[in-house]
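Participant: sequence? don't have it. structure:
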């Protein structure tokens, strides 16, 4: 890799050593990355081609079709409690998740993917690295997020990046996660790392989605900006006036469906970063 960041190299090496994959593929922002991962998702049976060229379908396991509230935990220092949130002592959680992850990728290919939250080369940019043995998860993130390898190269040692380690674990004959009783999603705020194992459902496995949201909320509170579950859109007014605003609307009300329609002005349908830039509130679509 061209990326000059010892912390990144140490992180990747640690989890390759722990999870023990048989093959490693490193993405570098080239078009061949997406083509390769799409092909592997079909080859490994996680996705199936449809009659429409370029379209595939993925089926989650019967017992893996929602966020796992019971086994999703925030790892906290000893004695710390956060009201209304499922927490676990940090050292205990890391010990358990590392035991489950030991050798979990044996016989599988792992994909190391680099993305960014927010636009590149901006005050909003947050780099992120995803390690996953699921071509389906990697494929989904390529659709949803901006590529970030070159941004890691540009930032070098200055990159303050989020980290995600995911394994679908052992798969059944339908190529879905088998050991659901060992499904764990642990969020370590201290190291800005999320661990997700024995699951393929997007809300549990795609690190840059709602799992990253938990990390960016913490960072935003610490640094004095906002990471919000809000859409971002433009309203056109008289005399060619353009006004942008954010809004917190509930799930299933049509934000995503509406933003896909031609001529609509929804810039972002899910998450927004809001910062003070030159005395004004400015917002970007995270995805």
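Facilitator: Thanks, I have the structure now. Being a predicted model, the structure only gives us computed values, none of them experimental. Residues are numbered from 1 along each chain as shown.

Participant: Tell me if I'm right that residue 112 and residue 133 touch.
Facilitator: No: with contact defined as Cβ atoms under 8 Å, residue 112 does not reach residue 133; the gap is 10.7 Å. Where C-beta positions appear, they are placed from N, C-alpha and C, glycine not excepted.

Participant: quick one, which of these two is more surrounded?
Facilitator: Ranked by neighbour count (other Cβ atoms under 10 Å), residue 112 and residue 133 place residue 133 first, with 26 against 20.

Participant: Spit out the contact partners of that one.
Facilitator: 19, 21, 104, 105, 108, 109, 110, 111, 166, 167, 168 (Cβ atoms under 8 Å, 6 or more residues apart in numbering).

Participant: where exactly do the helices run in the stretch 151-287 of the chain?
Facilitator: Counting by DSSP state H, counting those that start in this stretch, the stretch 151-287 of the chain has helices at residues 202-205, 212-223, 255-259.

Participant: quick one, strands of the stretch 1-150 of the chain?
Facilitator: Along the stretch 1-150 of the chain, the segments classed as strands by DSSP state E, counting those that start in this stretch run 23-26, 48-49, 56-57, 72-76, 87-89, 109-117, 126-132, 146-147.

Participant: How many residues are close by residue 108?
Facilitator: By the criterion of other Cβ under 10 Å, residue 108 has 20 neighbours.

Participant: actually residue 287, not the one I typed
Facilitator: 18.

Participant: So what's the residue count around the nearest residue to it once chain neighbours are set aside?
Facilitator: Leaving aside its chain neighbours, residue 287 sits nearest to residue 144 (5.4 Å; criterion: Cβ to Cβ, 6 or more residues apart in numbering). Using other Cβ under 10 Å, residue 144 is surrounded by 15 other residues.

Participant: And for residue 72?
Facilitator: Residue 72 has 22 neighbouring residues, counting by other Cβ under 10 Å.

Participant: Run through the bridge partners of it.
Facilitator: residue 185 (DSSP bridges).

Participant: got the buried residues for stretch 4-17?
Facilitator: With burial defined by 16 or more other Cβ atoms under 10 Å, the residues of stretch 4-17 counted as buried are 5, 8, 11, 12, 15.

Participant: In contact with the second one, which residues are there?
Facilitator: Looking back up the chat, that one is residue 8. Listed by Cβ under 8 Å, 6+ apart, the contact set of residue 8 reads 129, 152, 159, 161.

Participant: is it possible to export the residues you listed to a markdown table including pLDDT and distance to residue 267?
Facilitator: Output for the contacts of residue 8, formatted as a markdown table (pLDDT from 0 to 100; distance: Cβ to Cβ, whole Å):
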| residue | pLDDT | distance to residue 267 |
| --- | --- | --- |
| 129 | 99 | 26 |
| 152 | 98 | 25 |
| 159 | 96 | 26 |
| 161 | 98 | 24 |
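
Participant: residues near residue 256, how many?
Facilitator: Neighbours of residue 256 under the rule other Cβ under 10 Å: 13.

Participant: residues contacting it?
Facilitator: 269, 270.

Participant: Try it again at 7 Å.
Facilitator: Shown in contact with residue 256 (Cβ atoms under 7 Å, 6 or more residues apart in numbering): residue 269.

Participant: need the contact list for the residue nearest to the spatial centre of the chain.
Facilitator: The centroid of the chain falls nearest to residue 208 when counting by Cα atoms, centre = their mean (1.7 Å). Going by Cβ under 7 Å, 6+ apart, residue 208 touches 115, 117, 128, 130, 141, 145.

Participant: which of these has the most neighbours?
Facilitator: When neighbours are counted by other Cβ under 10 Å, residue 115 leads the contacts of residue 208 with 28 neighbours.
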